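A.B. asks: I would like the atomic coordinates for the input below:
(3 chains, ligands or ions: 4)
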Amino acid sequence: MSSIITTEHLQRPITLEHHHDEEANSMFGFVVFLLSESVIFLSFFIGYFVYKTTAINWLPPGVSGLEIKDPAINTVILVSSSGVIYVAEKFLERKNLLGFRVFLVATMAMGTYFLVGQGIEWSHLEFGFTSGVFGGMFYLLTGFHGLHVASGILLQGIMLMRSFIPGNYDRGHFGINATSLFWHFVDVIWIILFILLYLWQ
Amino acid sequence: MSQESKGGHNSSHHHHKLEIPPSRWLMLGVIAVILMAISIWIGQLSYAWLPPQASAESLLVDNLFSFLVTLGTFIFLGVTGTVMYSVFFQQAGKYDYSDGPPVEGNVTLEIIWTAIPILLVFWIAGYSYQIYIDMGIQTNMGLGHLHLPIKMESAMAATTANTPEAVEKIEVEAKQWAWVFKYPNSKVSSTELHLPEGKRIRLALTSDDVLHGFYIPAFRIKQDIIPAHPLDVEFTPIRTGKYRLRDSQFSGTYFATMQANVIVESLEDYQKWLHSAATLTPTPATNQAATEYEQETNKNKPFQAGWPSVAPASPPVVNYHD
Amino acid sequence: MTEIHIETVVNQHSHHKKGAAWKQYFSFSTDHKVIGIQYLVTSFFFFLIGGIFAMVIRGELITPEADLVERTFFNGMFTMHATVMLFLWTFPSLLGLANYLVPLMIGARDMAFPRLNAAAFWMVPVVGTLIMASFFLPSGSAQAGWWSYPPVSLQNPSGFWLNGQTVWILAVAISGVSSIMGAVNFVTTIVKMRAPGMTFFRMPAFVWTVFAAQIIQLFGLPALTAGAVMLLFDVTLGTSFFDPAKGGDAVLFQHFFWFYSHPAVYVIILPVFGIFSELFPVYARKPLFGYKVVAVSSLIITAVSAFVWVHHMYASGTAAWMRLVFMLTTMCVSVPTGIKVFAWVATIWGGKLRLNTPMLFALGALIMFVFSGITGIMLSAVPVDIHVNNTYFVVGHFHYVLFGTVTMGIYAALYHWFPKMTGRMYYEGLGKLHFWLTFIGTNLNFFPMHPLGLQGMLRRVASYDPEFTNWNVVASVGSFLLGMSTLPFIFNMVSSWIQGPKAPANPWRAIGLEWLVPSPPPHENFEEIPVVISEPYGYGRNEPLIATPGQAAESHSTEVASPAQ
Ligand code: HEA
Ligand code: HEA
Ligand code: CUA
Ligand SMILES: [Cu+2]
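C.D. replies: Ligands and ions are numbered 1, 2, ... in the order given. Next comes the predicted model:
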């Protein structure tokens, strides 16, 4: 019998490792999902690129370009919130729940600031969703991204609520890690968007 | 079985090989020659599967097609023949539960059958490329305005002096669901496409509404027509006769009716037709889509869902219609 | 002595409840095996519906005139036929097989995310209901073909925003979400849930192909989603992304669409390649020839499939360089595919063939595939495609592959794993009848499309010139035969499931983890997670596949076999 495997190999500590396995799987699955999700943005970016380089009437009549100052401030706020949620995560790892909650709420506030800023910008624009391919692309990109910001804030809200459930973190930190990763993702997308929409005019 | 597995399995499973004795090689050679003969024969037959060769381009396309049929037949017969041989001669007996030889692979074979398709691919692609260049297909359009640094000189353009006057320019207007042909030099419009034999033709394709496709099977020429994005297509008719132009890109309800006659005639006949057509006063042409749409209320289909259709454009008003 | 062990494993599981088992198939079960069968049965139901639409198409085309249904309805028929066949038959049925088999084959108790799995499945009936509901809208169903190319898809004669086209986009979007959920689940399961010892190069080829196929979903579907979202806004809100009349770009949609929908055909074909790789070794009693190369070639196909989409757009006004580059990339697919084909032929060669129903279907499908692959290569050559693009030659090409290869391949798989799934044997005689009717019907139905296309008959026409009549009559007769051919299959499956002879754990003497557990497998598949100690397909080698505690080894068991009848 050449291929005897001793029982030690086989007795995996299933009960103990089970949750950890599940967490690792969930995180892996979430990363796969985000990779896939990024292709939607990539497709929109390519669409934007094609329109911008080939459209005959790119800007709608009467529109000369986009105002950049307020969006720039917005950008700084959103991007730095990535650091804030990172700090929140660190607090949680050190089991400092209070610090965690404070920084999580700060992140949510910054995200909300961004969204409100975006809303104000939208309301002041003199072109709409149906104003040619430029108008379409602008609202499509910012809107689709805004939806992601809103989802991120929602997720953070859920994480905040969950932190009040006793024993919530006994089974690991998948929820908050995923939320944080999602937030970084949303920020990276915004940086590309900002370059495409505002800097490349 | 467990007894066998104890002693045997470590040493026995790696070293089986496909041994091919010399007599087999000879037989394989003979079979290959027969297959090749059949393939070439079918390749020659394949010309008959296509419509008449009414344009210079059709000669080129048909040669390529025949080549692909020849090669394809060889591959198809080779693969299925081998499988069929196994099916007929290598079945297990009713009570034979033994296994076949545990051959796991053969590196030489695998390299060969990777290399041969790679070579074939480059051969097919190279030949297709050559034909494409020879056809001199117009490329002054398209998304991504990059051109390969190759001059697109066409075989036909080379034989029929490539001067502007040698090219007959005709405008083609496609709409739901009618064709209109305009001859800008003679101010003639028509729902029948008349073309002079042996002359390079350049059509300017435009669409009023949706995508359409310009397709004359006898010419092997097809080009989608894109609204707000005029495109040219070029070819040389070489055979007089009456052919069919069909819309090749789905364009809605009456798509199938969007056809027109194509008349290839000698240069004199063509010019005669142009002159006589120019004298006719424009009248509305009959249009099948429009007619059917009108009758929509009193139609007699066994099954009626009553789904609405886009209304056809009003029938074209032209000098000449059939 | 080794058998005894397996028997004990089997018996320990008989405590699993049997009563009212059918009810679980209508529940939100999270058992991958239940979900697998839910997928299979649901998708087969839709296959029949898609088939009935095809019967209407063939009924209309048996005469040159448009005299059976209205033209609008005919256009709705081929649009819905393709939508149902692709999104509700091939995708979900292959997902069903994958769902059932992957966890068993890699030695896992379930998928990585069982609830996600169930949620993904239950979106399929939702998609189906939506699609069917669109028939009852005043606008009728979508009628722009399964590509939904604008501007035709933007035209809206009903004038109301809720029309067939909107519903179609919505349904495809939901189907996309469901597919993404499935893809995340499969990729995670295959990467993370393999049993100890189940290295990548010990995974059955089917698992490799599912892996390769699901990766395509992950990078391809988002592009379609992006295009669909923009199309939806064009249809409903009046944006101008794809409307040339308002400065939009109609051809850009085609790029979005085909960037996904070309690779999608490989999502469909890859698992069928996996089925071939599983079945030929079993019924030829030989190891899969060149297993590792066959496994890796799936990933090569995945990679190449992302760079060939423009071959659907040669006539769309794409620039010459695009046509030529994509011609070369398209032809390149034949290299990894050829590797597989030759490997299967070499697997069969010199084997001990047993031509039961699964093997017949697999062989038939293989032959049809080679044929369709060769017509595919013809299509990829730009000058030839310019002639036959949008003609019945294309329709012939893809039905040889979608029906001749994929659907027949699925049949092969259903017969092969039927005893495992149901614990019953099917009737071999009916199976063979089904095979011959299908094989003859398929060729009668789809072969004539090639000469028709070469002669210039266009697809999507409700009427045609009388010169095309003869071949069309043959095709229609063939299609009715094909419709009939499903009857012995349905009868066989239903009656065997209810009262067929009991199936042993391993009726085919096949090697693979799924054949080591009872038929049907118990709820958590494996009493004890198996430890895999050798490569798959050890036919003729008498080598144990797994090691079990206290027992040296278990392998395929040649004596157990009861030749299945
Ligand atoms: C599962 C489905 C499936 C599969 C596997 C394929 C496989 C292939 N298809 Fe097909 N195809 C479709 C489904 C599929 N197709 C559909 C649905 C459409 C139309 C959609 C629509 O318009 O509605 C279509 C349309 C389509 C077109 C567009 C035609 C047109 O609209 O004008 C083209 C053009 O290049 C093409 C090419 C190919 C090629 C080259 C392959 C290759 O992958 C084939 C490779 C296989 C082989 C070549 C055989 C085996 C290989 C060997 C034995 C090795 C030696 C061979 C050589 C060296 C040649 N297909
Ligand atoms: C997996 C995909 C798949 C499958 C399995 C099929 C199966 C069939 N398809 Fe096709 N088809 C497509 C995918 C598929 N198709 C696609 C993508 C298109 C392109 C659409 C477009 O252009 O947008 C298309 C288009 C298409 C056309 C061209 C339409 C046109 O361009 O105008 C035709 C025409 O003959 C056709 C016919 C058939 C037939 C006869 C079958 C048969 O195999 C069906 C077999 C029938 C059954 C299984 C029914 C069983 C019925 C019963 C049991 C009831 C008993 C009834 C009777 C016997 C009458 N299909
Ligand atoms: Cu790969 Cu050419
Ligand atoms: Cu393709």
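
A.B. asks: what's the spacing between the residue of chain A found nearest ligand 2 and A:Val32?
C.D. replies: Closest residue of chain A to ligand 2, C-beta to the nearest ligand atom: A:Ser43 (22.5 Å). Heads up, the C-betas are built off the backbone N, CA and C, glycines and all. For A:Ser43, the distance to A:Val32 (C-beta to C-beta, to the nearest Å) stands at 18 Å.

A.B. asks: Equivalent analysis for C:Leu95, please.
C.D. replies: Counting by C-beta to C-beta, the separation of C:Leu95 from A:Val32 is 17 Å.

A.B. asks: The two: which is more packed in?
C.D. replies: For C:Leu95 versus A:Val32, neighbours defined as other C-beta atoms under 10 Å in any protein chain shown are more numerous around C:Leu95 (31 against 21).

A.B. asks: wait, what's in contact with the more buried one?
C.D. replies: C:39, C:179, C:182 (C-beta atoms under 8 Å, 6 or more residues apart in numbering or on different chains).

A.B. asks: Need the pLDDT of it.
C.D. replies: pLDDT recorded at C:Leu95 is 97.

A.B. asks: Which strand or helix spans it?
C.D. replies: Here C:Leu95, judged by DSSP states H and E, is contained in helix C:91-106.

A.B. asks: is that helix up against ligand 1 anywhere?
C.D. replies: No: contact of helix C:91-106 with ligand 1 (C-beta under 6 Å from any ligand atom) is absent, the minimum separation being 10.5 Å.

A.B. asks: Please identify the helix or strand for the residue in the stretch 101-250 of chain B that ligand 3 sits nearest to.
C.D. replies: Closest approach between the stretch 101-250 of chain B and ligand 3, counting by C-beta to the nearest ligand atom: B:Val121, at 5.0 Å. Assigned by DSSP H and E, B:Val121 falls within helix B:107-135.

A.B. asks: tell me the mean pLDDT over stretch C:193-202?
C.D. replies: Mean predicted confidence for stretch C:193-202 is 94.

A.B. asks: for stretch B:219-227, same thing?
C.D. replies: Rounded mean pLDDT across stretch B:219-227 is 95.

A.B. asks: Kindly report the same for stretch A:24-31.
C.D. replies: 94.

A.B. asks: Next: stretch B:238-246.
C.D. replies: Per-residue scores along stretch B:238-246 average to 96.

A.B. asks: show me where pLDDT drops low in the chain?
C.D. replies: In the absence of a named chain, chain A is used. A:1-20 (pLDDT under 70).

A.B. asks: that's the wrong chain, I wanted chain C
C.D. replies: Applying pLDDT under 70 to chain C flags the ranges C:1-20, C:548-565.

A.B. asks: Next: the stretch 201-322 of chain B.
C.D. replies: Residues of the stretch 201-322 of chain B that meet the cut-off, pLDDT under 70, sit at B:296-302.

A.B. asks: sorry, back to before: most neighbours among the contacts of C:Leu95, which one?
C.D. replies: C:Gly182 (27 neighbours).

A.B. asks: That one contacts C:Gln214, correct?
C.D. replies: Yes: the criterion here is C-beta atoms under 8 Å, and C:Gly182 meets it with C:Gln214 at 7.2 Å.

A.B. asks: picking up where we left off before, how about the residue of the stretch 101-250 of chain B closest to ligand 3, what does it touch?
C.D. replies: B:Val121 touches C:328, C:331-332, C:334-335, counting by C-beta under 8 Å, 6+ apart.

A.B. asks: how about the residues of chain C near ligand 2?
C.D. replies: C:47-48, C:51-52, C:54-55, C:57-58, C:78-79, C:81-82, C:85-86, C:89-90, C:145-146, C:395, C:399, C:402-403, C:406-407, C:445, C:459-460, C:479-480, C:482-484, C:486.

A.B. asks: Now the residue nearest to C:Val474 when sequence neighbours are not counted, what are its backbone angles?
C.D. replies: Nearest non-adjacent residue to C:Val474, counting by C-beta to C-beta, 6 or more residues apart in numbering or on different chains: C:Pro448, 4.7 Å away. Phi and psi for C:Pro448, reported as degrees, to the nearest 10, are phi -60, psi -20.

A.B. asks: Now for C:Pro448, how many residues are close by?
C.D. replies: For C:Pro448, using other C-beta under 10 Å, the count is 22.

A.B. asks: about what we covered before: nearest to ligand 2, of the contacts of B:Val121?
C.D. replies: Of the contacts of B:Val121, the one sitting nearest to ligand 2 (C-beta to the nearest ligand atom) turns out to be C:Ser334, at 21.5 Å.

A.B. asks: so the closest one makes contact with C:Ile377?
C.D. replies: Yes: contact criterion C-beta under 8 Å: C:Ser334 and C:Ile377 qualify, at 6.0 Å.

A.B. asks: Let me see the contact set for the residue of the stretch 51-200 of chain C found nearest chain B.
C.D. replies: The nearest approach of the stretch 51-200 of chain C to chain B comes at C:Gly140, 3.2 Å away (C-beta to the nearest C-beta). C:Gly140 makes contact with B:305, B:307-308, C:72-73, C:76, C:134, C:158, C:164, according to C-beta under 8 Å, 6+ apart.

A.B. asks: go with 10 Å
C.D. replies: B:305-309, C:70, C:72-73, C:75-76, C:80, C:134, C:157-158, C:163-165 (C-beta atoms under 10 Å, 6 or more residues apart in numbering or on different chains).

A.B. asks: Not counting sequence-adjacent ones, nearest residue to it?
C.D. replies: B:Trp307 is the one closest to C:Gly140 (C-beta to C-beta, 6+ apart), at 3.2 Å.

A.B. asks: before we move on, back to that, hey, what's in contact with both of C:Gly182 and C:Gln214?
C.D. replies: C:95, C:98.

A.B. asks: between the contacts of B:Val121, which is nearest C:Asp249?
C.D. replies: Ranked by distance to C:Asp249 (C-beta to C-beta), those are led by C:Leu328 at 25.8 Å.

A.B. asks: Count the residues that sit near the residue nearest to that closest one when sequence neighbours are not counted.
C.D. replies: Closest residue to C:Leu328 apart from its sequence neighbours, by C-beta to C-beta, 6+ apart: B:Ala125 at 4.8 Å. Other residues lying near B:Ala125 total 20 when counted by other C-beta under 10 Å.
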